[in-house]
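*Asks:* I would like the atomic coordinates for the input below:
(chains A, B, C and D)
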4 protein chains.
Amino acid sequence: MSDDPLSNDLLSDVRHDPRVSDWWRTSIIEMSPGVIRYRGHAIQDLIGQVSFAQMIWLMTRGELPGAEQAKLLDCALMAAVDHGPQAPSIAIARMAATCGVGLNNAMASAMNVLGDVHGGAGEQCVEMLQAIATRIDAGAALADAVGAGLDEAIAQRGKFVSGFGHRFHPVDPRAPRLLDLVDEAAGLGVVSGRFAGIGRAVEAELQRRKDGRRIPMNIDGATAVIYAELGFPAPLARGLFCLSRSVGILAHAWEQTQQGGRNKGPMPREYLWTYDGPPPVRPR
Amino acid sequence: MSDDPLSNDLLSDVRHDPRVSDWWRTSIIEMSPGVIRYRGHAIQDLIGQVSFAQMIWLMTRGELPGAEQAKLLDCALMAAVDHGPQAPSIAIARMAATCGVGLNNAMASAMNVLGDVHGGAGEQCVEMLQAIATRIDAGAALADAVGAGLDEAIAQRGKFVSGFGHRFHPVDPRAPRLLDLVDEAAGLGVVSGRFAGIGRAVEAELQRRKDGRRIPMNIDGATAVIYAELGFPAPLARGLFCLSRSVGILAHAWEQTQQGGRNKGPMPREYLWTYDGPPPVRPR
Amino acid sequence: MSDDPLSNDLLSDVRHDPRVSDWWRTSIIEMSPGVIRYRGHAIQDLIGQVSFAQMIWLMTRGELPGAEQAKLLDCALMAAVDHGPQAPSIAIARMAATCGVGLNNAMASAMNVLGDVHGGAGEQCVEMLQAIATRIDAGAALADAVGAGLDEAIAQRGKFVSGFGHRFHPVDPRAPRLLDLVDEAAGLGVVSGRFAGIGRAVEAELQRRKDGRRIPMNIDGATAVIYAELGFPAPLARGLFCLSRSVGILAHAWEQTQQGGRNKGPMPREYLWTYDGPPPVRPR
Amino acid sequence: MSDDPLSNDLLSDVRHDPRVSDWWRTSIIEMSPGVIRYRGHAIQDLIGQVSFAQMIWLMTRGELPGAEQAKLLDCALMAAVDHGPQAPSIAIARMAATCGVGLNNAMASAMNVLGDVHGGAGEQCVEMLQAIATRIDAGAALADAVGAGLDEAIAQRGKFVSGFGHRFHPVDPRAPRLLDLVDEAAGLGVVSGRFAGIGRAVEAELQRRKDGRRIPMNIDGATAVIYAELGFPAPLARGLFCLSRSVGILAHAWEQTQQGGRNKGPMPREYLWTYDGPPPVRPR
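*Replies:* Just a heads-up that it's a prediction; the model follows:
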């Protein structure tokens, strides 16, 4: 049984120390024998009624979203699953799969590197979009808020603005489709469309600053727009990206397992690295 | 930009060594500037058309499932997201979140422990169900195949049969609902219903062997039935469980982050462990 | 063979792409068939001549330290190996060891949480000590440099000054002994003693600010003094702490393996956590 | 403060639940305010008296070794620190270091892959050497015990015998030097020399079976001889290898940090992988 660390037999004559129970308090899940409730909802009432995306929302936010909101979340999750084995996370998953560890271990080593640089762009972009919205709420005009928000982001993290531009794709094919879906949802009143507008204004301002050269929104920008539209706090954007990318990580670890190989290195076996250190030292 | 390790500018005048490219060959994803295809499907054709569950299937299996099959996969994924902070994976996620690491790192430390004991029951149960099916295909009667399959599983892994029985829940409330959905899908021809039948026959045989005491199917057994019905190879059952449980892992890491705390230990701060080692040694 | 991803047979008729080799360039290790050199030193010249601590220094810094310097490094490493299972890293190692993963995986999940809060105090303290030294080099008096350095550290990271004070130990028994050894080494000219002096001046200033209440140097402060005396850059202080603490992590993972147990949770099995979320929701 | 999860202030008026304390019982470390004892030895008695290698032994085995025994352990640890960036663990450390995570995280992702294939050879070799010794203890002649032990190892794990042969090095330069040191220690009565003898007999038998072609002992075999001579149980051989290799992991993660780079992939940026999946699918 993979997930039950509790023993029925022992639940009887016990006087608990409430400080110990309180040390692990949570509002996510309530359990008693035969009963599992997430945020108050009995699991048997959720199964078959609520999608995986709705469950992700319920677990992280505390309430059930409507089906249409969940669909938008679902789209953001499905769109970011993989960018191929040149990404360090995916390469790590494939290497790990040849080292004699479990799929869970290969996935963990890979997910672990979705840090500020490799997995943080969505979070950083949500932060910027929300900061711009806050300026507007405080009375700034859109253009001013966008300019100031961009300046702030660049001051904090350098000239590459998280969520915009791509070294490989002139236009990231995922972004326009996702934005279309946001527009559609905004048309139906599912979301406000506000952050899509801010995102596009950022894109326009970046183009203006680059003398007309477009730095189009990329996957991180488009998913950030969706997460902001849906009201997710910025740090969860990284968490959601981890959930999404773990699909690609699993797929590649599994494919590598089937391809076989032992101790897969980064280069074909006949390659050696370039050594650029000191020349041989004669023993003393 | 979180996922683009490739540089457009450099793609021009290069003579590549094909062995290097081949070293990282994959049939999962194809890319060129502006183009991303998963298993042949352009990403812009998938976004908005295909659910997260369908994407998980496409990535791991190579083909798109029908919507009804994907719904069943979705149910298995959403049903297993969490079993509370007494599970080591969840406790680890919460502790990690207080140690000054990122959400991705907290999730990785947690997912890493979904090993043979904590995350392997689904995989082991799929193996058993498939082994029983293979015996039936080879001509054995259902009862004989089930008995032999159970014997084999017990010989391999001991008397606790993966997928059946629960130390905490007399009846795991997730299992019957999931089986209902399998029956429904079988009624509609979405799946064959064969593995639900085998699973129930295993349950009956276990009850017979225990002189009538029921050892009901648990979440791992019910999801194993679904994965087997849908044709997933057994090792992917563990991978899918990792995807599912990572939702609970994220939710708890995030809740702990909001609760605050630094270096959260397993017991309240005023507790010490019991020392049962040698008495103080006098310095020599 | 655990560490050879290269194939002798294939090294013959190959025209390599030097960019691929350069992509993995390093000055740490040079290899050819039958030859392994670290920073220019052939391994067979090092084995039996050079201690583990010297090797750690050679690998991270590029040159061999003298035996006396290495002894001081050895002391810092051996003194910080463990602080018991209330530390999240150690608890994680023990839990992981019951989940059906390898010792390496248990160690990795644990080491992973030695982040800014759980493993960063040494690094932060080295930074402060070095910043104070820099102020002195620029002409400031010791007292002024210490005051300004403390103010800066507190402004950056809050009132708990990394390396000083302990919530459990009135006096951390590891710190005075380590400082004695630094003094001894300074007496012999092995180190300058400068950072021991700065560390003690910080301690005195903290006491002054607390109206005479002592906030004595702890293990992180004492090892930071040693690492600073030996010239390690601050980030390596965290790396060295990881090497040190991984010994305790291994010892506890191994002890737990021998104790047995499956899916060890943070509390005894008969405990449940406190649920403080919404009440049961009636299905719609 | 990196390692004190306990609060002095709270230790006063508390009635503890002993089951909670017992749940985390250990014989490794005992603590009370101002006191830390490892296996009964007060830390202040150990610091300056006992080397890092002796501490590793004390923590994992429960007793202090003699200085000469510890020296041999030290040699095994220092000899296996690194085999260059073609090893998946090292490549992972370097990639991770460019992804915006901490050194501890980069080290964890790397150590995590030292599994059965990448980090298990030493453990497997110790098992074989001990199994051969057990046969001899039971009355078998050396040659018979070696033959049977080899047969058993090959039956379990295939024709590549852990600890012998190297795909890259005709002779692994680390092994003969380590064996010399074992011989020396045996001459001084520090160890028995028994496992060095068994190891060489295995080497001879392998050569006989290969019609005279030598399959010399490699680093894993030589360290396995040392660990067996010193009485370590086989699983600790993997743990010790993790401690050793984590030095190389740290050195490479640190060098990569200094080289810079973002999201370092396995190939230079201008490379793409080979796609060998289905051709583009036309949208339905």
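*Asks:* Name the helix or strand for the residue nearest the centre of chain A, please.
*Replies:* In chain A, the C-alpha closest to the average C-alpha coordinate belongs to residue A:241, at a distance of 1.2 Å (C-alpha atoms, centre = their mean). Residue A:241 belongs to helix A:234-259 when assigned by DSSP states H and E.
*Asks:* What residues does the stretch 151-284 of chain A have near chain D?
*Replies:* A:167, A:262, A:263, A:264, A:265, A:266, A:267, A:269, A:271, A:272, A:273 (C-beta under 8 Å from any C-beta of the partner chain). The C-beta positions use only the backbone N, C-alpha and C, and glycine is treated the same way.
*Asks:* Which member of those residues is positioned nearest residue D:94?
*Replies:* residue A:266 (8.6 Å; C-beta to C-beta).
*Asks:* Distance-wise, check the closest one relative to residue D:258.
*Replies:* 19 Å (C-beta to C-beta, to the nearest Å).
*Asks:* Also residue A:192?
*Replies:* On the measure of C-beta to C-beta, residue A:192 and residue D:258 end up 46 Å apart.
*Asks:* ditto for residue A:64
*Replies:* Taking C-beta to C-beta, one finds residue A:64 at 49 Å from residue D:258.
*Asks:* for residue A:117, same thing?
*Replies:* On the measure of C-beta to C-beta, residue A:117 and residue D:258 end up 16 Å apart.
*Asks:* So the two - more neighbours on which side?
*Replies:* residue A:117 (21 against 9; other C-beta atoms under 10 Å in any protein chain shown).
*Asks:* check contacts around the more buried one.
*Replies:* B:2, D:98, D:99, D:100, D:262, D:263 (C-beta atoms under 8 Å, 6 or more residues apart in numbering or on different chains).
*Asks:* Find the nearest non-adjacent residue to it, please.
*Replies:* residue D:100 (3.2 Å; C-beta to C-beta, 6 or more residues apart in numbering or on different chains).
*Asks:* what ranges do the strands span in the stretch 151-284 of chain A?
*Replies:* With DSSP state E, counting those that start in this stretch as the definition, the stretch 151-284 of chain A shows no strands.
*Asks:* Show me the shaky parts of it.
*Replies:* Filtered on pLDDT under 70, the stretch 151-284 of chain A yields the residue ranges A:284.
*Asks:* The stretch 1-150 of chain A too?
*Replies:* Those would be A:1-15, if you go by pLDDT under 70 across the stretch 1-150 of chain A.
*Asks:* export stretch A:79-98 as CSV, just CAs?
*Replies:* The C-alpha trace of stretch A:79-98 is given here as CSV (Å, rounded to 0.1, in the frame of the first residue of the first chain):
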residue,chain,number,x,y,z
ALA,A,79,1.1,23.4,-23.6
ALA,A,80,4.3,23.5,-21.6
VAL,A,81,5.1,19.8,-21.2
ASP,A,82,8.3,19.6,-23.2
HIS,A,83,10.9,21.5,-25.1
GLY,A,84,13.2,18.6,-26.0
PRO,A,85,16.4,17.0,-24.7
GLN,A,86,18.5,20.1,-25.1
ALA,A,87,16.8,21.4,-22.0
PRO,A,88,18.9,20.4,-19.0
SER,A,89,15.9,19.0,-17.1
ILE,A,90,15.0,16.6,-19.9
ALA,A,91,18.7,15.7,-20.5
ILE,A,92,19.0,14.9,-16.8
ALA,A,93,15.9,12.7,-16.8
ARG,A,94,17.3,10.7,-19.7
MET,A,95,20.8,10.4,-18.2
ALA,A,96,19.3,9.4,-14.8
ALA,A,97,17.2,6.7,-16.4
THR,A,98,20.4,4.9,-17.4
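*Asks:* can you tell me if that stretch touches chain C.
*Replies:* No. On the criterion C-beta under 8 Å from any C-beta, stretch A:79-98 is out of touch with chain C, staying 9.3 Å away.
*Asks:* Check stretch A:43-57 too.
*Replies:* Yes. Residues of stretch A:43-57 contacting chain C under C-beta under 8 Å from any C-beta: A:45, A:49.
*Asks:* quick one: contacts of that stretch?
*Replies:* A:36-38, A:58, A:63-65, A:67, A:69-71, A:73-74, A:77, A:240, A:243, B:51-53, B:74-75, B:77-79, B:81, B:173-174, B:176-178, B:180-181, B:247, C:281, C:283.
*Asks:* so where do the strands sit in the stretch 1-150 of chain A?
*Replies:* Under DSSP E, counting those that start in this stretch, the stretch 1-150 of chain A gives strands at A:29-32, A:35-38, A:41-42.
*Asks:* Is the last one positioned near chain C?
*Replies:* Yes. For strand A:41-42 and chain C, the contact criterion (C-beta under 8 Å from any C-beta) is met by A:41, A:42.
*Asks:* Identify the residues contacting that strand?
*Replies:* A:35, A:36, A:58, A:64, B:173, C:280, C:281, C:283.
*Asks:* ok so, going back, with mean neighbour count as added columns, please give the strands of the stretch 1-150 of chain A in CSV.
*Replies:* Listed next are the strands of the stretch 1-150 of chain A as CSV, based on neighbours: other C-beta atoms under 10 Å in any protein chain shown:
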stretch, mean neighbour count
strand A:29-32, 20
strand A:35-38, 21
strand A:41-42, 20
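*Asks:* is it true that residue A:265 touches residue A:95?
*Replies:* Yes. Using C-beta atoms under 8 Å, residue A:265 is in contact with residue A:95, at 7.4 Å.
*Asks:* returning to what we had before: contacts only, for the closest residue in space to the residue nearest to the centre of chain A that isn't next to it in sequence.
*Replies:* In space, and not counting its chain neighbours, residue A:241 is closest to residue A:122: 5.1 Å by C-beta to C-beta, 6+ apart. Each residue near residue A:122 by C-beta under 8 Å, 6+ apart is listed here: A:162, A:163, A:220, A:223, A:224, A:227, A:237, A:238, A:240, A:241, B:2.
*Asks:* Between those residues, which sits nearest residue D:30?
*Replies:* Among these, and counting by C-beta to C-beta, the member closest to residue D:30 is residue A:238, at 40.4 Å.
*Asks:* OK, contacts around the closest one?
*Replies:* A:114, A:119, A:120, A:122, A:123, B:102, B:103, B:104.
*Asks:* give me that answer again for 7 Å
*Replies:* With contact set as C-beta atoms under 7 Å, 6 or more residues apart in numbering or on different chains, residue A:238 has these partners: A:119, A:120, A:122, A:123, B:103, B:104.
*Asks:* Closest one of those residues to residue B:139?
*Replies:* residue B:104 (50.4 Å).
*Asks:* so how far is residue A:122 from that closest one?
*Replies:* 12 Å.
*Asks:* cool, and residue A:168?
*Replies:* Distance from residue A:168 to residue A:122, by C-beta to C-beta: 18 Å.
*Asks:* go on, residue A:195?
*Replies:* Taking C-beta to C-beta, one finds residue A:195 at 13 Å from residue A:122.
*Asks:* Show me where the stretch 151-284 of chain A has its helices.
*Replies:* Using DSSP state H, counting those that start in this stretch, the helices found in the stretch 151-284 of chain A span residues A:174-187, A:194-209, A:219-229, A:234-259.
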